[in-house]
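*Asks:* sequence plus the predicted model coming up.
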Amino acid sequence: MHPDHKTRSTTSLEDRALQNVRLLVERNRQDTGLDGDREHVTPRPIRSAGIIGAGLMGTSIAAAHVKHGLRVVITDLDPRVLSAAPHRIAAIWAGGTPDVETKRVIARLLETAAEQPAVACCDLVLESIVETFGAKSKLYGQLEGQLSPEALLASNTSTIPIGRLAASLADPARFCGFHFCHPVHERPLVEVIRGPKTSDQTVATLVAHAKAIGKMPIVMQDGPGFLVNRLLAPYLSEALDLLLEGASMRAIEQAAVDFGMAKGPLRLLDEIGLDTVLQGGLILAAAFPERITASPLLVAMVKAGRIGRKAGAGFFSYPSPDQLSGPEATGTAAESTAEQIVAKIVAPWARPRQSHTPHGITMRLLLPMVLEATRVLEDNKVRDPRDIDLAAIFGLGFPASRGGLLWWADTLGARRVSEMLEPLRRLGPRTEPTPMLQGLARSHGHFYQGLSSTTPTRVGATSGVKPWPNSP
Ligand code: NAD
């Protein structure tokens, strides 16, 4: 092929991908989160947010609120964490050392409260405490009676089904999942997760509220891991598995970044916190035992105290653990020390060494993500397949230049994706082509078939669009 021809076709592929991303964003801007007649439910005004849990996520979410002029009351069980919260929130907002004006606005809008009632009187109370069912449901039991009658209650849970969390609430209609992506200041996506009893008013209010604080909300059905963490799980767990098969940390990170991912999976694990990933992983493993198991490496890293950036050490080492961003310790000495420590933790769990090419690693990280996206569609968890691409780009750092996860899969074609999965079949059910992928491969179909307009179109809705082989 003439090189000019190659450059032109690559550019046009990228142009089309970026055009798709613009349409995804525009579609999201218009979406109220409700369909058909229910679109006109009026959202309630949210003027103040009470945030419970001032850890990694609670402080980042608080920063997003104060930055948009909302009053925030934040609390935490741990008094040291609570007293550090204003400083952390200011640093997140400023992306470093805050100036006087930032500190002044924060002093005016942010209140720290040792007691829950101060939080409970806000228009929206957002829980962002540890990812265990027991801790969250105990908190709701204490909290619900203190909420004002109009207040909404939301959880930033990553994985626990909303219906399960709502089961003991007297008023589950005002309860919803409101899941932010880390790092909150870089990832605009927010999942608004409907429990079985969540009201339309609650959904409409949280969608409008997410937009008011500069976010891109997608509304989805309940289920373990919702959307973002279902897509993220294979990306992270295949990286852990690759380490056990002898791939180097550097090779794994490089393969992901060369593809265009904003962060390699091991850095992402460090950023999220390996303890949080493990808790969420256990919930996903219980829900999908045939394809998800908690990695022994994750357990071993947590036991070794290498839980990521917040502890100063995970797969990499961090000079200032308290910073939410910034470089890890670099330089050959620091990197190889971290690599040697991790190698020792890997050793007892190592499996027979496999040889991995950079392309093989990339596909191992990304094709299982495509498969999980097809399972989410088969389960009818999203209102529109394009929400998957929005989530991948704006929640997980998938490259916009590839148009989105499903858009990228479409550029390969379902048949090619199935063929590329062949060498991974040794890994068992998790890499088997799903019925949806097989159907598209047989019919030469596309995920985006019939989805070119910016108007939100529900899977299986009465729009006449039936892009899925298994659509009703
Ligand atoms: P974290 O460990 O950094 O913070 C949790 C905080 O909650 C701690 O400061 C702890 O003292 C406090 N806490 C525990 N029980 C409490 C209670 N009863 N009342 C008040 N405070 C209490 O955890 P995190 O990473 O911020 O995660 C918080 C939630 O956000 C979890 O549900 C997690 O799954 C979810 N989440 C995490 C990420 C991520 O990348 N870490 C992303 C999205 C969602």
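*Replies:* That came through fine.

*Asks:* per-residue pLDDT of the residue in the chain that the ligand sits nearest to, please?
*Replies:* Proximity of the chain to the ligand (C-beta to the nearest ligand atom) peaks at residue 55, 1.8 Å away. Where you see a C-beta, it was placed from the backbone N, CA and C, and this is true even at glycine. The model reports residue 55 with a pLDDT of 95.

*Asks:* surely it and residue 128 touch.
*Replies:* Yes - under the contact definition of C-beta atoms under 8 Å, residue 55 touches residue 128, with a separation of 7.0 Å.

*Asks:* specify which residue of the two has the higher count of neighbours.
*Replies:* residue 128 (27 against 18; other C-beta atoms under 10 Å).

*Asks:* show me the contacts for that one.
*Replies:* Shown in contact with residue 128 (C-beta atoms under 8 Å, 6 or more residues apart in numbering): 51, 52, 53, 55, 57, 58, 61, 155, 156.

*Asks:* state the distance from it to residue 209.
*Replies:* Residue 128 sits 15 Å away from residue 209, taking C-beta to C-beta, to the nearest Å as the criterion.

*Asks:* what sits against residue 68?
*Replies:* 212, 213, 214.

*Asks:* hang on, the earlier thing: distance of the residue of the chain closest to the ligand relative to residue 182?
*Replies:* Counting by C-beta to C-beta - residue 55 and residue 182 are separated by 11 Å.

*Asks:* and if you look at residue 252?
*Replies:* Relative to residue 182, residue 252 is positioned 20 Å away (C-beta to C-beta).

*Asks:* looking at these two, which one has more neighbours?
*Replies:* With neighbours defined as other C-beta under 10 Å, residue 252 and residue 182 compare such that residue 252 has more, 26 against 18.

*Asks:* can I assume that one is in contact with residue 244?
*Replies:* No - here residue 252 does not reach residue 244: they are 11.5 Å apart, not a contact under C-beta under 8 Å.

*Asks:* what secondary structure does residue 33 sit in?
*Replies:* Three-state assignment for residue 33 (DSSP: H, G, I helix; E, B strand; the rest coil): coil.

*Asks:* if I pick the spatially closest residue to it that is not a sequence neighbour, what's in contact with it?
*Replies:* Using C-beta to C-beta, 6 or more residues apart in numbering and skipping residues adjacent in sequence, the residue nearest residue 33 is residue 207, 3.4 Å away. Counting by C-beta under 8 Å, 6+ apart, residue 207 touches 31, 32, 33, 43, 192, 217, 219.

*Asks:* could these be laid out in CSV, adding pLDDT and distance to the ligand?
*Replies:* Putting those into CSV (pLDDT from 0 to 100; distance: C-beta to the nearest ligand atom, whole Å) gives the following:
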residue, pLDDT, distance to the ligand
31, 94, 22
32, 93, 24
33, 94, 19
43, 95, 23
192, 98, 14
217, 98, 14
219, 97, 17
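
*Asks:* in CSV: those, plus neighbour count.
*Replies:* Converted to CSV, these look like this (neighbours: other C-beta atoms under 10 Å):
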residue, neighbour count
31, 23
32, 19
33, 26
43, 18
192, 25
217, 26
219, 27
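
*Asks:* what would those look like in JSON lines with distance to residue 415?
*Replies:* Output for these, formatted as JSON lines (distance: C-beta to C-beta, whole Å):
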{"residue": "31", "distance to residue 415": "32"}
{"residue": "32", "distance to residue 415": "37"}
{"residue": "33", "distance to residue 415": "35"}
{"residue": "43", "distance to residue 415": "44"}
{"residue": "192", "distance to residue 415": "35"}
{"residue": "217", "distance to residue 415": "35"}
{"residue": "219", "distance to residue 415": "32"}
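
*Asks:* just say helix, strand or coil for the closest residue to residue 404 other than its chain neighbours.
*Replies:* Leaving out its chain neighbours, the residue that sits closest to residue 404 by C-beta to C-beta, 6+ apart is residue 389, at 2.5 Å. With three-state DSSP as the basis, residue 389 sits in helix.

*Asks:* from residue 164, how far out is residue 389?
*Replies:* 28 Å.

*Asks:* of these two, who's got more company?
*Replies:* residue 389 (29 against 16).

*Asks:* next up, phi/psi of the residue nearest to residue 156 when sequence neighbours are not counted, please.
*Replies:* With sequence-adjacent residues excluded and distances taken as C-beta to C-beta, 6+ apart, residue 156 is closest to residue 128, at 4.1 Å. Dihedral pair for residue 128: phi -140, psi 60, per degrees, to the nearest 10.

*Asks:* so for stretch 256-276, mean pLDDT?
*Replies:* Taken as a whole, stretch 256-276 has a mean pLDDT of 97.

*Asks:* what residues does the chain put near the ligand?
*Replies:* 52-58, 75-78, 81, 128-131, 135, 139, 156-158, 179-180, 182, 272-273, 276, 280 (C-beta under 6 Å from any ligand atom).

*Asks:* PyMOL command for the buried members of those?
*Replies:* Here is the PyMOL command that selects only those of the residues of the chain next to the ligand that count as buried (16 or more other C-beta atoms under 10 Å):
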select buried, resi 52+53+54+55+56+57+58+75+76+81+128+129+131+139+156+157+158+179+180+182+272+273+276+280
